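J.: predicted model follows, preceded by the sequence.
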Amino acid sequence: LATIDADSLSPEDKTKYDKLLNDIGPLKEVANSRFRPKPETVQRFGEYVREFFKGFLKHIPADQEEFTGSDMAEIVNEILTEELSDEPNNETMPYQAIVSSSASNASANHETRQIIFSDRKTYPRNKAAAIIVHELGTHVLRAIPYVEQDIASFSTGFPDNETFDEGVAKCVEQALAGKYTDSGIDHYINIGLATFMGKNFREVYDIQHTINDLGGKPSKTLINSVQRCFRGTGELVNNKDLAYYNGSEMVWKYIENHIDDPELFDNLFLTGKLDITNPEHERISYEKRTKGV
């Protein structure tokens, strides 16, 4: 709502704004404070991220500005073969990138060990880099060292790992871009409207469309964003998308508190698919790495 200049609206838009406030209902007098990392934290972590992933990012063709799903799969498979395979330049890869006609977004499947791209999407150069560090550099890299281990959870994901996992991925994206941005705001609003206020799909869509329209922020992906909080059955599926909002806050706090820790990147990327801020997860990870448990 802060993006809307309520005092400068036309009479027609003022009517829309009044209806919006009525549809949303009474708002809190004071909004909860939101943690944001210091600019110097984002800058330093960004420098570390670009150095850490330079071996991945060098595979993005320098003379190309837009990439199809097939282009992305080809780049990722090249990285997997040359950077992450035990025997470079052969077909033995820990994961494989594929293109799917049914996929709407890039994703990683840790059961099938696949990174999936949509054949209906194209990505500008900066978005291609962000997806590579998000899907391959975070979700898959955190799993790869443990895919052949006896404890499958290290590669498929510990219980309650998802928030931290998505948080690392979003923080890495932001660090690569050199700019902190709030993550998952739309998902947070959609889930709140649907779950706690009982709004149906059309009502949630209309509210979000009005907020974007009056705030001068048209969204091409609004239908998909609203659909996400109504998919499946029950509330657990809806709340999955809170991982982007809650996770980025959790991980940026962790990074800010450990920016000088020489084991920061080990803890973020090489301890398995767990939440390193969870003392029990941290203990299990330590015993796995030092005692082979």
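T.: Thanks, I have it.

J.: and stretch 163-171, how far out from the chain middle?
T.: Here the centre of stretch 163-171 is set off from its chain's centre by 6 Å, with CA atoms, centre = their mean, to the nearest Å.

J.: should've said stretch 12-32
T.: Relative to its parent chain, stretch 12-32 has a centroid offset of 29 Å by CA atoms, centre = their mean.

J.: quick one: least confident helix or strand in the chain?
T.: helix 235-239 (a mean of 56; mean pLDDT, DSSP states H and E).

J.: other residues contacting the next helix or strand after it?
T.: Next helix or strand after helix 235-239 toward the C-terminus (DSSP states H and E): helix 242-258. With contacts defined as CB atoms under 8 Å, 6 or more residues apart in numbering, helix 242-258 is touched by 34-38, 41, 45, 162-168, 170-171, 174, 180, 182-185, 187-188, 191, 264, 267-268, 276-277. C-beta coordinates here come from the backbone N, C-alpha and C atoms, glycine included.

J.: ok, now stretch 99-116?
T.: 69-70, 72-73, 76, 94-98, 117-121, 131, 134-136, 139-140, 143, 147, 155-157, 224, 273.

J.: could you turn the buried ones of these into a PyMOL selection?
T.: Selection of buried members from the contacts of stretch 99-116 for PyMOL, criterion 16 or more other CB atoms under 10 Å:
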select buried, resi 69+72+73+76+94+95+96+97+98+117+118+121+131+134+135+136+139+140+143+155+156+157+273
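
J.: can you flag which of the contacts of stretch 99-116 belong to strands?
T.: 96-98, 117-118 (DSSP state E).

J.: burial measure for residue 178, as a count.
T.: The tally of other residues near residue 178 (other CB atoms under 10 Å) stands at 14.

J.: scratch that, residue 243
T.: Residues near residue 243, counting by other CB under 10 Å: 22.

J.: just give the nearest non-adjacent residue to it, would you?
T.: Leaving out its chain neighbours, the residue that sits closest to residue 243 by CB to CB, 6 or more residues apart in numbering is residue 166, at 4.1 Å.

J.: how about the one you found, secondary structure?
T.: helix (DSSP: H, G, I helix; E, B strand; the rest coil).

J.: likewise for residue 123?
T.: The assignment at residue 123 comes out as strand when based on three-state DSSP.

J.: beta partners of it?
T.: In this entry, residue 123 is beta-bridged to residue 67, by DSSP bridges.

J.: ok, it to residue 131 distance?
T.: Distance of residue 123 to residue 131, given as CB to CB, to the nearest Å: 6 Å.

J.: now the element after the helix or strand hosting residue 40, going C-ward?
T.: For residue 40, the host element (DSSP H and E) is helix 39-52. Where DSSP H and E defines the elements, the next helix or strand beyond helix 39-52 is helix 54-57.

J.: before we move on, back to that, give me the common contacts of residue 123 and residue 131.
T.: By the contact definition CB under 8 Å, 6+ apart, residue 123 and residue 131 are jointly contacted by residue 72.

J.: one step back: run through who's touching the helix holding residue 40.
T.: So helix 39-52 is in contact with 57, 133, 171-172, 174-180, 252, 255-256, 259, 264-265, 269, going by CB under 8 Å, 6+ apart.

J.: buried sites along that helix?
T.: 41-42, 44-46, 49, 52.

J.: report the angle between that helix and helix 242-258.
T.: Angle, helix 39-52 to helix 242-258, by axes from the mean of the first three to the mean of the last three CA atoms, to 10 degrees: 100 degrees.

J.: quick one: mean pLDDT over helix 39-52.
T.: Average pLDDT, helix 39-52: 97.

J.: I appreciate the help and will end here.
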